[in-house]
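# Take this sequence and fold it.
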Amino acid sequence: MKRETLREGYKSLLGCLYAPGPYYRRVRTFLREYQRPKISSRVNWRSFMAFSYANLRLGVFGRERIHYWGLLLWTTFRRPTLFALAVTLSIYGHHFRKSSRGLGL
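Sure thing, here's the model as predicted:
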């Protein structure tokens, strides 16, 4: 297989894998099936700042803002105990999209 063909296929795969629509659908499916452990953690100022930054970066300026707010609303009403995990996975998705764009493939 030619190197350029392989590179284009990999670029296409990453584009489809981390596109906002499919990514947020997979996160919602995961949250629907996930059983949270009985360990509790406290909210600290770092968590609050990360949440504020995510709301600004993903919810206001991000191209995935509709998917982001939809996931947060769905989590709030369906699985409220997993709200922090939903925000974390949204941040991970943003990071994966940004990293795959930066590969220069």
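
# The residue nearest the centre of the chain: which element?
With distances taken as Cα atoms, centre = their mean, the residue of the chain nearest its centroid is residue 90 (2.5 Å). Residue 90 belongs to helix 83-102 when elements are defined using DSSP states H and E.

# same deal with residue 69?
helix 65-78.

# and that helix, how far out from the chain's middle?
Chain-centre distance of helix 65-78: 11 Å, with Cα atoms, centre = their mean, to the nearest Å.

# buried residues in that helix?
Neighbour-count burial for helix 65-78, counted by 16 or more other Cβ atoms under 10 Å, picks out 67-68, 71-72, 74-75. Placement of C-beta: from N, CA and C, glycine included.

# One more: stretch 96-105?
Quick answer for stretch 96-105 (16+ other Cβ under 10 Å): 97, 100.

# picking up where we left off before, right, and the residue nearest to the centre of the chain touches residue 74 too?
No - using Cβ atoms under 8 Å, residue 90 makes no contact with residue 74, being 11.8 Å away.

# tilt between the helix or strand of the chain with the lowest mean pLDDT and helix 83-102?
Between all helices and strands in the chain, the lowest mean by mean pLDDT, DSSP states H and E belongs to helix 3-17, at a mean of 87. Per axes from the mean of the first three to the mean of the last three Cα atoms, to 10 degrees, the angle that helix 3-17 makes with helix 83-102 is 160 degrees.
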